[in-house]
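# Dropping the sequence and predicted coords here.
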Amino acid sequence: MKRHALIVTVWVVCVLPMSVANVAHALSAPEGRVILKISGNIARTNVGEEAHFDFSMLADLPQHQYRTGTPWTRQPHEYSGPLMRNLLSYLQVASEQVRVSALNGYEAYIPTRDFTEHDVMLALKRDGQPITIREYGPLWVLYPFDHNAELLSETFRSRAVWQVMKIDVR
């Protein structure tokens, strides 16, 4: 009987708080088509150890917008979406680097300091409309190129991944 009481006490003191904490940190499940999977060193998940997002889940996060040209578009456009630093904060990430993967197999390693030093956005919309695959969507890690000439260097251009499908937090 004492052993059973000890097991119950250990469970209540150790296991139950962790279970409650995991539920409090869990994300809601995507209801639409998953357009982004985030894995690695993240605290908030909804599918195993990953965070899966549909368009509306990303659109429900605080949105940021700016007008900028890019090296790949003919004219400036108005882009909107969550800032990368806010997305990582939402997932309770403490990391120095992420690996961003695109639909075409392109990958870029991006230091998270970019996200604190610049308003790097995970762009969901261009000129108020969802970004199509043909227009570099549905998600684009976008730097405010017109706001800082330093961002036009090859280093930052190579980190502006379009057609984003996965982020691995290192």
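All right, it came through fine.

# C-alpha only now, for contacts and for neighbours.
Will do.

# so what's the closest residue to Glu96 other than its chain neighbours up against?
Of all residues not flanking Glu96 in the chain, Thr112 sits nearest, at 5.2 Å (Cα to Cα, 6 or more residues apart in numbering). For Thr112, the contact set (Cα atoms under 8 Å, 6 or more residues apart in numbering) comprises Arg85, Ser95, Glu96, Gln97, Val98.

# any idea how far the residue at minimal distance from the centre of the chain is from Gly137?
What sits nearest the mean C-alpha location of the chain, by Cα atoms, centre = their mean, is Leu87, with 4.9 Å. From Leu87 across to Gly137, the span is 18 Å (Cα to Cα, to the nearest Å).

# Please report the distance of the closest residue to Met57 other than its chain neighbours from Phe55.
The shortest distance from Met57 to any non-neighbouring residue, by Cα to Cα, 6+ apart, is to Pro30 (7.1 Å). Look at Pro30 and Phe55: by Cα to Cα, they are 9 Å apart.

# Settle this for me: Glu107 is touching Ser158, isn't it.
No - using Cα atoms under 8 Å, Glu107 is not in contact with Ser158, being 9.2 Å away.
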